[in-house]
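# Build me a model:
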Amino acid sequence: MPSVAPHNERYIPPGVRERLPELEEKARWIYHRLLDYYGHPDWRPHYPPLEELIITTLAQNSTDRNALKAYKRLRERFPSWMDIMTAPVEEVIDAVRPAGLGNQKGPRIQAILRKVWEERGAFDLSFLGEMSTEEAEAWLTSIKGVGHKTASIVLLFCFNRPTFPVDTHVSRVSKRLGIAPQNANTRQIRAIWESIVPEEWYYPLHLNLIRLGREICKARLPKCEQCPLQERCVFGSSQRAG
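Alright, predicted model coming up:
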């Protein structure tokens, strides 16, 4: 049976632990099938860590396109991080409005900047690279509004740390494939993937699952007939049977 890292132990959903060997074999097949279909995504740093954190916060319950549009407006209106942190919150809310939920995201961004400034004396998250993955994630998630998904994106993309972010696409695809139960939350889905695939697969598998979810395994009208994983997909099998 695959070994479960201590930090994932409590998140494995009931009934899944005994299925880990089976899921490990299926995950191996999924990984290689997606590599054959999409290729291996090139590793590249995304944005500097603080920018990645802000953009990922803006992307919550939004699209990447709208998040980047909101981020661009934010930086155009305020020349520096200090200006954003000290601005009237209403002005920050208005700047990030294209991302939606501005009343939540504006104060959240200011809270992030305030914590970084008060604890570090600079708007810089490079210190996270000196922490263990667990310590860095704990620091990030101590900020109100920063959950494990946002933290794991920053740690994976900016520091190449072994975390497996689960967004709406990864969640949907994981459940349809039968990797995770239908009622599993994102932290549980992350724990399952981190327990059944090696760390060096996290980055390419995460990106290829997102691409599959965006292009083929869509929330509405999935293109099952085009899916490279259809032969072992629980959802696809039920569709064909229906």
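# pLDDT score assigned to residue 242?
In this model, residue 242 is scored at 56, pLDDT.
# Please apply the same query to residue 46.
At residue 46, the pLDDT recorded in the model is 77.
# That one touches residue 59, doesn't it?
No. Look at residue 46 against residue 59 with C-beta atoms under 8 Å: they stay out of range, at 11.8 Å. C-beta: built from backbone N, CA, C; applies to glycine.
# who has more neighbours, those two?
Legend: neighbour count by other C-beta atoms under 10 Å for residue 46 and residue 59, higher for residue 59 (22 against 14).
# show me the residues around the residue lying closest to the more buried one once chain neighbours are set aside that make contact.
Leaving aside its sequence neighbours, residue 59 sits nearest to residue 67 (C-beta to C-beta, 6 or more residues apart in numbering; 3.7 Å). Applying C-beta atoms under 8 Å, 6 or more residues apart in numbering, we find residue 67 in contact with 55-56, 58-59, 99.
# Just name the closest of those to residue 227, please.
Of all these, residue 227 sits closest to residue 59, with 25.3 Å by C-beta to C-beta.
# tell me the phi and psi of residue 229?
Here is the backbone geometry of residue 229 (degrees, to the nearest 10): phi -110, psi 10.
# how many other residues sit next to it?
Applying other C-beta under 10 Å, we find 22 residues neighbouring residue 229.
# my guess is it contacts residue 31, does it?
No. At 10.6 Å, residue 229 does not count as touching residue 31 under the criterion of C-beta under 8 Å.
# Name the spans of this structure whose pLDDT lies under the cut-off.
1, 44-45, 240-242 (pLDDT under 70).
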